[in-house]
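**Q** Task: produce atomic coordinates for the following.
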Amino acid sequence: MMATATDSSQGDDLKTQFVTREGTYRLMTVSDCARQNRVPFNGQMSNPVKVSFVRLKENQKESSAGDRICFNLGKELYVYQYRGINKAMDLSKPMDKRAYRGTSPTCHDFNQTSTSSESILLIVGFSAGQIQLIDPVSKELSKLYNEERVTDKSKVTCIRWVPGSLHQFVASHASGHLYVYSKDLPSAVVSPHYQSLKHGHGFSIHACKTKRACNPVYRWAIGDGSINEFAFSPCAKYLAVVSQDGFLRVFNFEAMELVSNMKSYFGGLLCVCWSPDGKYVVTGGEDDLVTVWSMAETRVVCRGKGHRSWVSVVAFDPFATSIETNSLDFCGSDDDFCRTVSAEIVARKDTLLAPGCSKIRHGSEKSLKGLAYYRFGSVGHDTRLCLWDLTNEILSQTTFRPRVNTIISQNDVHIRNSTAVRCSNISCLQSNSTANDSLHLVDGNVNALLSHANYSTSSSNVKFATLAMGEQRKDNKEHRWHFSLASRSSDSKIQLLKANLVKSAGESMHVLGTPACPRLNDAPLLEPLICKKIAHERLTAVVFHEDSVVMACQEGIVYTWARPGKYASLQDITV
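**A** Okay, the predicted model is just below:
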């Protein structure tokens, strides 16, 4: 119970407490009430249980104060008043409960801008492609979008209000499309026509072209395969999108321009989140790893290995994070962003990535004097919670060594010199704007960096992307869990492998061995601070609050963990 690292000997025991440097986290018994009144678990439910929170404004009367929690389970949607560690939820008295036929809720999001004790806006996405806007407090509002499924017939995978907006929200679908809606406009009654606005490598953006304004306002086609999740940056300027094709793509949302992107080590990316200062993006996916991406340096900072199956959710803990005061502000103009990073590229010309590369504000050494300490958590299909500490010691490590890229196609395998081939996922930012021309220079730093290295194309260096861990032969057994396909049939396994590994060279140039996708040996490997089994079913949500950490599992149980020092007045839990 007191260990701060993965303990394989006790891996099958459910934990009710764990210790970090700040103290002991304990599972509150108030969450056990969910076991008595939850909806009966149905093993055929495929949609993960998602959790959304909204906090009422401080000037609200005390009787209505606190958070509101929404979660979906099967074909039902629940909204409750949530008191955290202070008082248990009365699950027999939901604020709102809705049961659906023919479709299931898959995702939801509260509007954080317009909240009051009399009205809360909640947007819900469904497995058949529809979207519903409801008010679980007044219950007077119920508006459907894509009701006839003429816009998109595939599952809504993620839905978010545009931060700070009262009217716009964004929804992604399993079809690989992302749509921008305005809550006040009607939905198209026939299949809408679209006019191309912008396009680039791996994405295209279209505007709805109709006689009368209607939803959706814009359609984004991103990547190859389902869009699994997206997240807005803290300043709401950037949008990070992860897809089944294994790419993280970061867009300037308003300018509709691709800023940077990254490739998973293997398989699709399932989840994404931003650091509180917007400097780093963390992803998790089917490679069982968490990956930290630096926005300023456009490179993978490190990978985290701790999970034994797919990583379903990642989230930063803003209450256990200390951010240096002199850090880069990503909420400025794109020109400022480009000038700052371009200056760093020139300064690093002869040193690839010099020590202290986290210094990114006009060469100022003050940024190294402040403390940068990040805490984030991840949960996965292995029913485990992992907490990770990201410190300056990790952020300043630069062990990237360029190597030969491997390109896999259905007909042949080509081994090319990396200096002659630009990374396909970061070199084709096509735009007529001046800002994007500058971004082209920023993302073009890979060629400049790789030009200092010599490559060998001997047969001894030929490796397939799926066997990149072959260099660590003693760890081969350990890495078998990168192919977490136990729940799939043989046919589906083959299809998944083909979808992720066997693609035409023109559309699937592997960037393995570049800053966008370094090999396992070429990026620092982060070990979890703690890795504990806390549920019987796969975990599907993790949310960090000031006094607690909230998680949910596929069985429909919501777990509340009290932070150190927050449970002193409550009865201790017996382990």
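
**Q** Residue for residue, what is the longest strand the chain has?
**A** Secondary structure assigned by DSSP state E gives strand 105-115 as the longest strand of the chain.

**Q** Who are the packing partners of that strand?
**A** Identification of packing neighbours for strand 105-115 by 3 or more CB pairs under 8 Å, 6 or more residues apart in numbering; DSSP states H and E yields strand 51-55, strand 67-73, strand 76-82, strand 120-126, strand 156-161. C-beta coordinates here come from the backbone N, C-alpha and C atoms, glycine included.

**Q** Same list, these, but as TSV with mean neighbour count and distance to residue 167 please.
**A** Below are these laid out as TSV (neighbours: other CB atoms under 10 Å; distance: least, CB to CB, whole Å):
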stretch	mean neighbour count	distance to residue 167
strand 51-55	18	17
strand 67-73	23	20
strand 76-82	21	22
strand 120-126	24	10
strand 156-161	23	9
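
**Q** Quick one: closest of those to residue 143.
**A** For those, the distance to residue 143 is smallest for strand 120-126, at 9.7 Å, taking CB to CB.

**Q** Relative to that closest one, what are the paired strands and their orientations?
**A** strand 105-115 (antiparallel), strand 131-134 (antiparallel) (DSSP bridges).

**Q** can I get the CA coordinates of that strand in PDB?
**A** Presented in PDB, the C-alpha positions along strand 120-126 are these (Å, rounded to 0.1, in the frame of the first residue of the first chain):
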ATOM      1  CA  ILE A 120     -27.300  24.700 -17.300                       C
ATOM      2  CA  LEU A 121     -26.600  23.900 -20.900                       C
ATOM      3  CA  LEU A 122     -25.600  20.300 -21.600                       C
ATOM      4  CA  ILE A 123     -24.700  19.000 -25.100                       C
ATOM      5  CA  VAL A 124     -24.800  15.300 -25.700                       C
ATOM      6  CA  GLY A 125     -23.500  13.100 -28.600                       C
ATOM      7  CA  PHE A 126     -25.000   9.700 -29.500                       C
END
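
**Q** I'd like to know the average pLDDT value across that strand.
**A** Mean pLDDT, strand 120-126: 97.

**Q** Not counting it itself, show me its contacts.
**A** Residues outside strand 120-126 that contact it (CB atoms under 8 Å, 6 or more residues apart in numbering) are 52, 54, 68, 70, 72, 77, 79, 100, 103-111, 114, 131-137, 141, 155-159, 161, 169, 171, 183.

**Q** buried stuff in the longest strand of the chain?
**A** Buried residues in strand 105-115, counted by 16 or more other CB atoms under 10 Å: 105-111, 115.

**Q** and residue 22, how many neighbours?
**A** Neighbour count for residue 22, taken as other CB atoms under 10 Å: 12.

**Q** which one is it nearest to, not counting chain neighbours?
**A** Nearest residue to residue 22 in three dimensions, chain neighbours excluded: residue 564, at 5.3 Å (CB to CB, 6 or more residues apart in numbering).

**Q** try residue 561
**A** Counting by CB to CB, 6+ apart, the nearest residue to residue 561 once its immediate chain neighbours are dropped is residue 549, at 4.5 Å.

**Q** what separates that neighbour from residue 153, distance-wise?
**A** Note on residue 549: its distance to residue 153, by CB to CB, to the nearest Å, is 37 Å.

**Q** the more surrounded of the two?
**A** Neighbours per residue, other CB under 10 Å: of residue 549 and residue 153, the larger number sits with residue 549, 22 against 14.

**Q** quick one: the more buried one and residue 543 touch, right?
**A** Yes. Residue 549 is within contact range of residue 543, at 7.3 Å (criterion: CB atoms under 8 Å).

**Q** still on that earlier bit, between the longest strand of the chain and strand 67-73, how many degrees?
**A** 160 degrees (axes from the mean of the first three to the mean of the last three CA atoms, to 10 degrees).

**Q** Give me the contact list for strand 105-115.
**A** Contacts for strand 105-115 (CB under 8 Å, 6+ apart): 47-48, 50, 52-57, 68, 70, 72, 75-77, 120-127, 155-161, 163-166, 169.

**Q** cutoff 6 Å now
**A** Here strand 105-115 makes contact (CB atoms under 6 Å, 6 or more residues apart in numbering) with 47, 50, 52, 54, 56, 70, 72, 77, 121-127, 155-156, 158-161, 164, 166.

**Q** quick one, what contacts residue 313?
**A** Neighbours of residue 313 in contact, by CB under 6 Å, 6+ apart: 271, 379, 541-542.

**Q** now with 8 Å?
**A** By CB under 8 Å, 6+ apart, residue 313 lies in contact with 271, 284, 378-380, 539-542.

**Q** CSV for those residues, including pLDDT?
**A** Shown next, in CSV, are those (pLDDT from 0 to 100):
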residue, pLDDT
271, 98
284, 98
378, 98
379, 98
380, 97
539, 97
540, 97
541, 97
542, 97
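
**Q** got those as JSON lines, with distance to residue 213, neighbour count and secondary structure columns?
**A** Formatted as JSON lines, those follow (distance: CB to CB, whole Å; neighbours: other CB atoms under 10 Å; DSSP: H, G, I helix; E, B strand; the rest coil):
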{"residue": "271", "distance to residue 213": "34", "neighbour count": "24", "secondary structure": "strand"}
{"residue": "284", "distance to residue 213": "38", "neighbour count": "28", "secondary structure": "strand"}
{"residue": "378", "distance to residue 213": "41", "neighbour count": "28", "secondary structure": "strand"}
{"residue": "379", "distance to residue 213": "41", "neighbour count": "27", "secondary structure": "strand"}
{"residue": "380", "distance to residue 213": "42", "neighbour count": "27", "secondary structure": "strand"}
{"residue": "539", "distance to residue 213": "41", "neighbour count": "26", "secondary structure": "strand"}
{"residue": "540", "distance to residue 213": "37", "neighbour count": "24", "secondary structure": "strand"}
{"residue": "541", "distance to residue 213": "36", "neighbour count": "21", "secondary structure": "strand"}
{"residue": "542", "distance to residue 213": "39", "neighbour count": "26", "secondary structure": "strand"}
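
**Q** residues contacting the closest residue to residue 153 other than its chain neighbours?
**A** In space, residue 153 comes closest to residue 129 once its chain neighbours are excluded; the distance is 5.0 Å by CB to CB, 6+ apart. Contacts of residue 129 were listed using CB under 8 Å, 6+ apart, and they are 146, 149, 151-156, 173.

**Q** and if you look at residue 133?
**A** Residue 133 neighbours (CB under 8 Å, 6+ apart): 121-124, 141-145, 183.

**Q** So, low pLDDT: which residues of this structure?
**A** 1-12, 30-45, 57-65, 88, 323-371, 398-510, 568-575 (pLDDT under 70).

**Q** rerun at 50
**A** Within the chain, the stretches with pLDDT under 50 are 1-10, 30-37, 43, 326-328, 333-370, 403-479, 481-509, 569-575.

**Q** Which parts of it are helices?
**A** 33-37, 334-347, 392-395, 434-443, 445-450, 490-501 (DSSP state H).

**Q** now the contacts of residue 313 as a markdown table including distance to residue 511?
**A** A markdown table is the format used below for the contacts of residue 313 (distance: CB to CB, whole Å):
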| residue | distance to residue 511 |
| --- | --- |
| 271 | 21 |
| 284 | 19 |
| 378 | 23 |
| 379 | 28 |
| 380 | 25 |
| 539 | 30 |
| 540 | 30 |
| 541 | 31 |
| 542 | 29 |
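
**Q** now the closest residue to residue 391 other than its chain neighbours, which residues is it bridged with?
**A** Residue nearest to residue 391 in three dimensions, not counting chain neighbours: residue 373, with 5.5 Å by CB to CB, 6+ apart. Going by DSSP bridges, residue 373 is paired in beta bridges with residue 322, residue 391.

**Q** Just to check, residue 373 is in contact with residue 390?
**A** Yes. Contact status for residue 373 versus residue 390: in contact at 7.4 Å, counting by CB under 8 Å.
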